[in-house]
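A.B. asks: Got a predicted model here, sequence first, then my questions.
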Amino acid sequence: MKYLIKYCIDFTVLVFLYAFVFFKKWRTRGKDSLVVNTLLYAYLSFVLYFTMMPVITSIPFMLNHPYQPMNLVPFIDVSLGRGDFFRQVVLNVIMTLPFGFLFPLTWDRRAKFGMTVFFCFLMSLGIELLQPFFERSSDITDLITNMIGGVLGYGLYVVFKPVTFWVLERLKTR
């Protein structure tokens, strides 16, 4: 129950942030922008949930434990057969697929592959650098597999671009 309350505090802050900051801003840009940005916001909220939450209640205790540096040996778990490495690799790829797909949609038709991969890298690097403050492990393999997921997500964006833009155009006309 104690952990549930900690998560509820974080989600309450995320809901208020959406309702009182982002929703008003995105609504003025049109339904298509509101839908895409809301989907990206919800996705990023879930990424935060799976990678770092609870955040707010952990802040006072962030420095009460030693910082565990990032493991900088790529795929060491795979090579040593430690843990459920295959599951971790697949989940990290899947986790950033939506980013690679949704991020270009927030930039209308101007999004480039390099820009999407760069922001995917920044998101993943930020997560990996902050995780040790929340008593979680940090690994270069996660960074690599997250990048792969972002690239694959961008590939899905390119494949489904005509359909996606058709749907978004329909939202504009309603």
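C.D. replies: The structure has been received and is ready for your questions.
A.B. asks: Please count neighbours and contacts with C-alpha atoms only from this point.
C.D. replies: Fine.
A.B. asks: send the alpha carbons of the worst-scoring helix or strand of the chain on mean pLDDT over as PDB?
C.D. replies: Ranking every helix and strand in the chain by mean pLDDT, DSSP states H and E puts helix 76-80 at the bottom, with a mean of 80. Taking C-alpha atoms only, helix 76-80 is exported to PDB below (Å, rounded to 0.1, in the frame of the first residue of the first chain):
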ATOM      1  CA  ILE A  76      28.000  -8.400 -20.800                       C
ATOM      2  CA  ASP A  77      24.800 -10.100 -19.400                       C
ATOM      3  CA  VAL A  78      24.400 -11.800 -22.800                       C
ATOM      4  CA  SER A  79      28.000 -13.000 -23.000                       C
ATOM      5  CA  LEU A  80      28.100 -14.200 -19.300                       C
END
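A.B. asks: in that helix, what's buried?
C.D. replies: residue 77 (16 or more other CA atoms under 10 Å).
A.B. asks: same deal with stretch 101-110?
C.D. replies: 101-106.
A.B. asks: With distance to residue 135, pLDDT and secondary structure as added columns, please give the residues you listed in CSV.
C.D. replies: Shown next, in CSV, are the buried residues of stretch 101-110 (distance: CA to CA, whole Å; pLDDT from 0 to 100; DSSP: H, G, I helix; E, B strand; the rest coil):
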residue, distance to residue 135, pLDDT, secondary structure
101, 30, 96, helix
102, 29, 95, helix
103, 29, 95, helix
104, 32, 94, helix
105, 34, 92, helix
106, 33, 90, coil
